[in-house]
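Colleague: Please find the sequence and the predicted model below.
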Amino acid sequence: MSPLPFLPRIANALVVVIALTGLAMPGHARADDADAGMRERLAGCAVCHGDRGQGAHGAKYVPHLAGKPAGYLLEQMRAFRDGKRHYAQMIYLMQYLDDAWLAEVADWYAAQPPIVKQAESGTPMRDTDVARARQLVFDGDPAKGLPACSACHGRALAGLEPGVPALVGLPTEYTIAQFGGWITGVRQSTAPDCMASIARKLEPTDLRIVATWLSRQAAPDGERPAAAGTRALPLACGDLPVEAAP
């Protein structure tokens, strides 16, 4: 018999006490608890956007949130709260929330694994439509005053910190609806509202071609928005810096 038979029992009791008080093992246990707490608090968001902001498969008008720049997500939540964007369900959720909590929510979703897989497949696009989509996305249309989508959103279409979102992984009809919102003023961004200006220069046929093509694109696994200042924007857009960092 061990000369100290009570030691194993004391050790087991200590493990239980430490775990219950949150003093146990370093970091990861507390991080897991914090993550679970955020997921519980964001249950209302998860109904449409998924438990980690990954979006809902087959939902035509619901975007993913995971891995998008925190600054972008914060601006959109403020816009619903402050009357710059109009969607009843989002206004209901946002209307009484303060900036501190919205920033915490934005940071949490931004830290999740980014969604980089294509949103849709479907009938193959015509070669002429693919060519036109690629022209608008990667070269723009100078004659119409349209910069390339990739000039802001990147060649991988994964976005740019702090406020340019990814374009991959978005359903066609969601993208079309957002362009419609900019055209009609239902969706507004901080002035100068570059996307409203771009949307109003796009022909309806080009708009659908681009939205359809984008819905079928993917980025490399784990691709996140580029760091702030790594490229210059082609035009003034809200409060985002136009010049790249030296």
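Modeller: All right, it came through fine.
Colleague: And residue 109, how far from residue 101?
Modeller: When distances are taken as Cβ to Cβ, to the nearest Å, residue 109 and residue 101 turn out to be 13 Å apart. Backbone N, C-alpha and C define where each C-beta goes, glycine included.
Colleague: neighbour count winner among these two?
Modeller: Ranked by neighbour count (other Cβ atoms under 10 Å), residue 109 and residue 101 place residue 109 first, with 24 against 12.
Colleague: Test my guess that that one contacts residue 69.
Modeller: No. Residue 109 sits out of contact with residue 69 when judged by Cβ atoms under 8 Å, with a separation of 10.0 Å.
Colleague: Tell me, how many residues neighbour residue 148?
Modeller: 17.
Colleague: I'd assumed residue 139 was in contact with it.
Modeller: Yes. The pair residue 148 and residue 139 qualifies as a contact (Cβ under 8 Å) at a distance of 5.4 Å.
Colleague: what about the helices in this protein?
Modeller: Here the chain has its helices, by DSSP state H, at 7-21, 28-41, 43-49, 70-82, 88-94, 99-110, 127-138, 149-153, 172-184, 194-201, 204-215.
Colleague: Residue 60: which of these is closest?
Modeller: When the helices of the chain are compared by Cβ to Cβ, helix 172-184 sits nearest residue 60, at 4.1 Å.
Colleague: helices or strands up against the closest one?
Modeller: Using 3 or more Cβ pairs under 8 Å, 6 or more residues apart in numbering; DSSP states H and E as the contact definition, the elements that helix 172-184 packs against are helix 194-201, helix 204-215.
Colleague: which residues sit against that helix?
Modeller: Contact partners of helix 172-184, identified using Cβ atoms under 8 Å, 6 or more residues apart in numbering, comprise 60-63, 85-86, 119-120, 167, 186-188, 193, 195-196, 198-200, 202, 207-208, 210-212, 214-215.
Colleague: Helix 194-201 and that helix, what's the angle between them?
Modeller: 90 degrees (axes from the mean of the first three to the mean of the last three Cα atoms, to 10 degrees).
Colleague: mind listing what's buried in helix 172-184?
Modeller: Within helix 172-184, the residues that count as buried by 16 or more other Cβ atoms under 10 Å are 172, 173, 174, 175, 176, 177, 178, 179, 181, 182, 183.
Colleague: what does stretch 209-220 give?
Modeller: Residues of stretch 209-220 classed as buried under the neighbour-count rule (16+ other Cβ under 10 Å) are 209, 210, 211, 212, 213, 214, 215, 216, 217, 219.
Colleague: Could you list the single helix or strand in the protein with the lowest mean pLDDT?
Modeller: Of the helices and strands making up the chain, the lowest-confidence element is helix 7-21, at a mean of 36, by mean pLDDT, DSSP states H and E.
Colleague: which among the buried residues of helix 172-184 gets closest to residue 39?
Modeller: Using Cβ to Cβ, residue 174 comes nearest to residue 39 of these, at 23.5 Å.
Colleague: That concludes my questions; thank you for your assistance.
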